[in-house]
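> Kindly return the folded structure for what I paste below:
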Amino acid sequence: MQTSLVSSRAVGSDREDFDLVVVGASYAGVGVVAAAREAGFSGRIALVGDESDLPYQRPPLSKGFLLGKAGAHLPLKAASFYSEADIDLIAGRHAVALDLDNRRIQLDDGSALNFRLLALTTGARAAALRCPGADLDGVVSLRSLGDAQALSSRLAAARAIVIIGGGFIGLEVASAAVTLGRQVTVVEAGQRLIGHAVAPEISAYMLGVHEAHGVAVRLATKVERIEGEGGQATAVICADGTRLPCDLVLAAVGAVPNTELAVSAGLMIDDGIVVDEFGRTSGPGIFAAGDCTSHPNVFAGRRLRLSSVQNAHDQGRAAGFAIAGRPEPYGAVPWFWSDQYDVKLQMVGLGVVGGPAILRGSVAEGRFSLFRYDGARLVAIESINRPADHMNGRRLIAAGLSPTPEQAADTGFDLRSLA
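Residues are numbered from 1 along each chain as shown. Down below sits the predicted model:
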């Protein structure tokens, strides 16, 4: 991967003046600067990132990257984009303080950036594992490229890995680790896998997939502590007394939005930095986008925080257009995907807990979708190896169109005809 070139104008001087400073070289951050330029913003822009690499794609880190697949790790934009768009990419620098009164961002090297407008796209970090032994060597998390590189090296030497958390990251790493020939145990405190995101039928199917590949899954199981010898993790001890020997532990217990700068500046927080449909925060001239924000979602009918590439990209673009004086409200249909073994799980929309779910396709053949309804209204589709259903669902839900349950169940019915 190419290493980014840090702008000499921004680093090496004590203070620089910018029309727009974007803190967080993430999907959302790149979306902000790209959309602002596209919409005609001509002022001076700085994009600040705390990693030394060009802003990169994160989803492959828990999938193809661990398997060494070519092209599994790519920059979001080529280095030439930043120079051609006249964007100062300040890599390897961490913002440590935000002074709204004086419109200034302090960086960890002692330099400062003055701004007229500011966008916070600081993303989220892996939630900390809170149990005795969590600080032992061999207990890791996965969020960044550096995390993925370290995990890849440890997997190469490991025999057995315990993954604490049966969400998307945990299951994707389980898939990669089993494919690499490792013994894998997943420990999930909840009653089912990916319970926060998918219907029970999808949870049950994915449980069967992982068990068929040799993963030991322990549901409704809490971790009491991690044992070690010589500072190295050697076993996970469950609350029921079960001892799971291992030489590697992955903590995949969720993510925490990076809101510290916003909190210190007095911006409104509600499970993330509070923004409106244009990415505007409670501070004048201050915008935010991506995993660090909570926004009014038209499909949920309430405020929520989404951690997804789609949300970060689309919300970042909405903020960028608003910054350029061409506001276009963020109202994209949420969608997400996960690759595990030969299974492509795709989701579009936001399902209603306990709402009816209509089966389309064949569970036995491993190609099916669940069409989830709120009354007569289609609100979500969860698909296993049926990408056409997913793409049709994105169009239908965005347009507010709903097939009848009979049409959804009939694989011979052309969903495209509704649009």
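> from here on, contacts and neighbour counts on C-alpha atoms
Will do.
> residue ranges with poor pLDDT in the stretch 1-150 of the chain?
Counting by pLDDT under 70, the stretch 1-150 of the chain contains low-confidence residues at 1-15, 70-73.
> could you pull out the helices for it?
27-38, 79-84, 145-157 (DSSP state H, counting those that start in this stretch).
> Please work out which residues outside the first one touch it.
Spelled out, that is helix 27-38. 22-23, 45, 47, 55-57, 76, 85, 87, 119-121, 289-290, 309, 312-324 (CA atoms under 8 Å, 6 or more residues apart in numbering).
> mind listing what's buried in that helix?
Residues of helix 27-38 classed as buried: Tyr27, Ala28, Gly29, Val30, Gly31, Val32, Val33, Ala34, Ala35, Ala36, Arg37 (neighbour count, 16 or more other CA atoms under 10 Å).
> do the same with the shortest one
Going by neighbour count (16+ other CA under 10 Å), the buried part of helix 79-84 is Ala79, Tyr82.
> can you pull out the helices in the stretch 201-350 of the chain?
Assigned by DSSP H, counting those that start in this stretch, the helices in the stretch 201-350 of the chain fall at 260-264, 309-323.
> quick one on the thing from earlier: buried ones among the contacts of helix 27-38?
Those of the contacts of helix 27-38 that meet the buried threshold are 22-23, 45, 47, 55-57, 76, 87, 119-121, 289-290, 309, 312-324, by 16+ other CA under 10 Å.
> Which of the helices of the stretch 201-350 of the chain sits closest to Ala112?
For the helices of the stretch 201-350 of the chain, proximity to Ala112 was assessed by CA to CA; helix 260-264 is nearest, at 14.5 Å.
> Output the contacting helices and strands for that closest one.
Here helix 260-264 touches strand 95-99, going by 3 or more CA pairs under 8 Å, 6 or more residues apart in numbering; DSSP states H and E.
> which residues touch the strand it packs on?
In contact with strand 95-99 (CA under 8 Å, 6+ apart) are residues Val23, Val48, Asp50, Arg104, Ile105, Gln106, Leu107, Asp108, Leu261, Ala262, Ser264, Ala265.
> just stretch 63-71 next, same as before
For stretch 63-71, the surrounding residues in contact (CA under 8 Å, 6+ apart) are Ala72, His73, Ala148, Leu151, Ser152, Glu172, Val173, Ser175, Ala176, Leu180, Asp339, Gln340.
> Kindly report the same for stretch 315-329.
For stretch 315-329, contacts defined as CA under 8 Å, 6+ apart pick out 27-37, 39-41, 117, 277-280, 287-290, 330.
> Over to that stretch now: how far is its first residue from its last?
End-to-end span of stretch 315-329 (CA to CA, to the nearest Å): 9 Å.
> what distance separates it from the centre of its chain?
Distance of stretch 315-329 from its chain centroid, counting by CA atoms, centre = their mean, to the nearest Å, is 21 Å.
> for Ile163, what are its contacts?
Counting by CA under 8 Å, 6+ apart, Ile163 touches Gly170, Ala174, Val184, Thr185, Val186, Val187, Val249, Leu250, Ala251, Ala252.
> For the spatially closest residue to the last one that is not a sequence neighbour, grab the count of nearby residues.
Spatially, and ignoring its direct neighbours in sequence, Ala252 is nearest to Gly165 (4.9 Å; CA to CA, 6 or more residues apart in numbering). Residues contacting Gly165 under the criterion other CA atoms under 10 Å number 24.
> Could you do Glu188 as well?
Other residues close to Glu188 by other CA under 10 Å number 25.
> Please report the distance of it from Gly349.
According to CA to CA, Glu188 and Gly349 sit 25 Å apart.
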